[in-house]
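J.: Got a sequence here, can you build the structure:
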Amino acid sequence: RAAMQSKNQLEFKKRMLQAFNAYSKAAALFGKSEDQDKPAKICQCKATAAYVSSWLSPDFASRKRSLDECWKLEKEALRFYEGIGDRLGLGRTYNELNACLVDRLNLEWDKQIRQEMLAEALSYGHKAIGILSELGEEYELARAYYITSIHCDTAAKGLELEKKSKYASEALSYSTKATKLSEKIGDSFLLGMSSIWVGSAIVDFTDRPDSAMRRFEDALECGIRTRDNYLIGRASYLLAHLTAWKMIAEEDPKKIVEESKKCERYSLDAIHNFKSIFNNQEVASSYYWYAENYSFLAKSAETSLKKKRILLRKSIEAAKKGLEHAQRSGSISAVWFILHPLSKSLFLLSTMETDADTRKGLLEKSLRYREENIKAVEQAMPYYFWNHGVYHNYLALTQAELAKVERDKIQKAKLLEDAVESSENCIKL
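T.: Below is the predicted model of the structure:
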């Protein structure tokens with residue numbers, strides 16, 4: 001927790017290294033113990049050291065290895081706790097396992113493995129809730145509720161089709177229970193994290209998304225109170241999200257500009273806080289709303305063609321920065337997410353170009369990024385139908401516009417056929 005309060009990247013690295021050394025030393029000290037839970041404690045300390053190491057990893061491949069090591073060691077700890085009948089140890093370990101799997105899931109690009117991993121995480125979550133409810137361990141139960149709600153949210157949005165409504169209901173129910181327990185306990189960090197996920201469930205699975213604003217504002221207050229960079233960053237990101245949707249729904253250009261200023265501030269706050277803790281995945285996601293903010297302004301508030309172009313170029317520049325962080329993170333979710341505004345803004349800018357070659361160049365880039373966007377989201381969230389529909393719609397539009405400037409008759413016909421197919425896919429979705 002102290003590392004998450006760091007003022008800069010150097011301080012963050014220093015504190016995380018101290019945490020790594022402390023857990024490694026603790027594992028060695030437990031080796032001298034004669035308690036029956038000694039093997040489990042050793043595994044847990046080593047697992048936590050591996051998890052901390054994942055934050056210090058220079059690339060996503062080494063981060064993946066650290067998280068796999070954490071995953072393996074926590075499962076070993078589970079077996080030891082099961083052997084001695086320590087139910088509290090089991091409940092806590094299920095929580096640690098699931099927290100590890102939240103991060104590990106984001107680094108997995110194979111759809112089938114992602115689904116298997118998620119099923120495992122959901123099983124752990126339900127077991128943790130059952131055990132900790134029986135024991136009346138409120139702090140760990142609150143953790144179990146909000147961590148499990150994250151996996152339920154993922155399942156309901158795009159990785160689980162048959163039980164979509166079940167997991168949507170659980171995401172909302174568990175995060176709500178986590179919030180109530182956190183308020184009772186008086187733990188600001190827990191309350192902030194719980195508020196984030198109950199707000200996210202409200203946005204994703206109810207018809208009253210505006211009511212989530214108060215939840216995200218509460219989370220931001222908790223983040224400021226605890227000086228936790230992750231909490232501040234995540235709350236700011238979600239406030240940028242809701243503010244951006246307000247811009248879309250607004251018709252008055254002056255009000256759109258007002259909301260735009262808020263969206264930009266929230267996005268920049270999120271980017272700053274996530275950068276200070278080397279969270280490239282969340283930095284990339286935060287650039288999404290920074291880029292979309294300029295795109296919305298160009299489309300809905302600005303009348304000057306020259307200024308529209310400037311705004312769209314800013315959007316493209318922001319999205320490219322986000323893509324750099326997404327690729328550095330290795331997160332499939334961050335990659336498919338940021339590719340959307342990058343492709344879209346390139347497409348919108350192409351519609352304002354009169355030079356055929358320049359227009360074609362922009363469309364070809366847009367098409368390439370759109371195809372990468374769709375390929376990634378099909379692996380990450382195969383049943384996220386709304387997003388699939390939006391992306392295939394833009395794919396069709398890009399293919400059709402590219403056909404207009406294509407001189408080769410065979411290629412022109414191919415692009416038009418592809419545009420028709422993409423449009424049909426959009427309608428099906």
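J.: helix, strand or coil for Gln302?
T.: Residue 302: Glu, not Gln. For Glu302, the secondary structure call by DSSP: H, G, I helix; E, B strand; the rest coil comes out as coil.
J.: got the residue ranges for the strands in the chain?
T.: With DSSP state E, there are no strands along the chain.
J.: give me the low-pLDDT residue ranges for the stretch 151-300 of the chain?
T.: Across the stretch 151-300 of the chain, residues meeting the criterion (pLDDT under 70) sit at 159-160.
J.: what about 80?
T.: Judged by pLDDT under 80, the stretch 151-300 of the chain has its weakly predicted residues at 158-162.
J.: where along it do the helices fall?
T.: With DSSP state H, counting those that start in this stretch applied, the stretch 151-300 of the chain shows helices at 164-185, 188-205, 212-226, 229-249, 253-275, 280-300, listed in chain order.
J.: tell me which strands and helices the third one is in contact with?
T.: Of the remaining helices and strands, those touching helix 212-226 by 3 or more Cβ pairs under 8 Å, 6 or more residues apart in numbering; DSSP states H and E are helix 188-205, helix 229-249. Quick note: C-beta positions are derived from backbone N, CA and C, even for glycine.
J.: can I get the helices of the stretch 151-300 of the chain in CSV with distance to Gly158 and mean neighbour count?
T.: Rendered in CSV, the data for the helices of the stretch 151-300 of the chain read as follows (distance: least, Cβ to Cβ, whole Å; neighbours: other Cβ atoms under 10 Å):
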stretch, distance to Gly158, mean neighbour count
helix 164-185, 9, 20
helix 188-205, 10, 24
helix 212-226, 19, 20
helix 229-249, 17, 23
helix 253-275, 23, 19
helix 280-300, 16, 25
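J.: Rebuild those as TSV, extending it with distance to Glu138.
T.: Written out in TSV, the entries for those read as follows (distance: least, Cβ to Cβ, whole Å):
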stretch	distance to Glu138
helix 164-185	5
helix 188-205	10
helix 212-226	18
helix 229-249	20
helix 253-275	29
helix 280-300	28
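J.: can you put the helices and strands packed on helix 212-226 in CSV and add distance to Ser350?
T.: CSV is the format used below for those (distance: least, Cβ to Cβ, whole Å):
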stretch, distance to Ser350
helix 188-205, 31
helix 229-249, 21
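J.: how about those helices, which one is nearest Ser329?
T.: Nearest to Ser329 among these is helix 229-249 (14.0 Å), distances taken as Cβ to Cβ.
J.: Return that closest one as PDB; C-alpha atoms alone will do.
T.: Extracted as PDB, the C-alpha positions of helix 229-249 are listed here (Å, rounded to 0.1, in the frame of the first residue of the first chain):
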ATOM      1  CA  ASN A 229      -2.400   6.500  -6.800                       C
ATOM      2  CA  TYR A 230      -4.200   3.400  -8.300                       C
ATOM      3  CA  LEU A 231      -7.500   4.400  -6.600                       C
ATOM      4  CA  ILE A 232      -7.300   8.000  -7.700                       C
ATOM      5  CA  GLY A 233      -6.300   6.900 -11.200                       C
ATOM      6  CA  ARG A 234      -9.100   4.400 -11.600                       C
ATOM      7  CA  ALA A 235     -11.800   6.800 -10.200                       C
ATOM      8  CA  SER A 236     -10.600   9.600 -12.400                       C
ATOM      9  CA  TYR A 237     -10.700   7.300 -15.500                       C
ATOM     10  CA  LEU A 238     -14.300   6.300 -14.700                       C
ATOM     11  CA  LEU A 239     -15.300   9.900 -14.200                       C
ATOM     12  CA  ALA A 240     -13.800  10.700 -17.600                       C
ATOM     13  CA  HIS A 241     -15.800   7.800 -19.000                       C
ATOM     14  CA  LEU A 242     -19.100   9.100 -17.700                       C
ATOM     15  CA  THR A 243     -18.300  12.700 -18.600                       C
ATOM     16  CA  ALA A 244     -17.500  11.600 -22.200                       C
ATOM     17  CA  TRP A 245     -20.900  10.000 -22.400                       C
ATOM     18  CA  LYS A 246     -22.500  13.200 -21.200                       C
ATOM     19  CA  MET A 247     -20.800  15.000 -24.100                       C
ATOM     20  CA  ILE A 248     -22.300  12.500 -26.600                       C
ATOM     21  CA  ALA A 249     -25.800  13.000 -25.200                       C
END
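J.: residue contacts, the closest residue to Trp55 other than its chain neighbours?
T.: With sequence-adjacent residues excluded and distances taken as Cβ to Cβ, 6 or more residues apart in numbering, Trp55 is closest to Met16, at 5.5 Å. The neighbourhood of Met16, defined by Cβ atoms under 8 Å, 6 or more residues apart in numbering, consists of Ala3, Val52, Trp55, Leu56.
J.: Arg1 too?
T.: Residues counted as contacts of Arg1 (Cβ under 8 Å, 6+ apart) are Phe189, Thr226, Asp228.
J.: So for it, what's the pLDDT?
T.: According to the model's per-residue confidence, Arg1 sits at a pLDDT of 78.
J.: again with the one 5 residues further on
T.: Ser6 carries a pLDDT score of 93 in this model.
J.: Could you tell me how many residues sit around it?
T.: Ser6 is flanked by 19 other residues according to other Cβ atoms under 10 Å.
J.: any idea how far it lies from Lys404?
T.: According to Cβ to Cβ, to the nearest Å, Ser6 and Lys404 sit 52 Å apart.
J.: now Leu346
T.: With Cβ to Cβ as the criterion, Leu346 and Lys404 are 16 Å apart.
J.: picking up where we left off before, so which of the helices and strands packed on helix 212-226 is nearest Glu96?
T.: Shortest separation from Glu96 across the helices and strands packed on helix 212-226 is recorded for helix 188-205, at 15.0 Å, computed as Cβ to Cβ.
J.: now the angle between helix 229-249 and the closest one, please.
T.: Following axes from the mean of the first three to the mean of the last three Cα atoms, to 10 degrees, one obtains 30 degrees for the angle between helix 188-205 and helix 229-249.
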